[in-house]
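Colleague: any chance you can model this:
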Amino acid sequence: MELPLVDGVEPTPRTTPAREGRTPTARSVYVETYGCQMNVADSETVTSILGEAG
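Modeller: Just a heads-up that it's a prediction; the model follows:
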């Protein structure tokens, strides 16, 4: 599945140092799910897509 790229969006520069044990290029995501089991399934799908994308 290809996700669309948005032109003109620049990454926000880091203003605080990275936490110990993490590289400055490491990425993380937090997904909080509410509602029915389909929302849980959708959250898992999104999380796996983001994980594959790095």
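
Colleague: mind listing the helices for the protein?
Modeller: 37-53 (DSSP state H).

Colleague: touching, Val40 and Val31? I think so.
Modeller: No: look at Val40 against Val31 with Cβ atoms under 8 Å: they stay out of range, at 10.0 Å. In short, each C-beta sits where N, CA and C put it, glycine included.

Colleague: what residue ranges in this structure are flagged as low confidence?
Modeller: 4-24 (pLDDT under 70).

Colleague: mind listing what the nearest residue to Val40 once chain neighbours are set aside touches?
Modeller: Nearest residue to Val40, sequence neighbours excluded (Cβ to Cβ, 6 or more residues apart in numbering): Thr33, at 5.4 Å. Contact analysis of Thr33 by Cβ atoms under 8 Å, 6 or more residues apart in numbering lists Asn39, Val40, Ser43.
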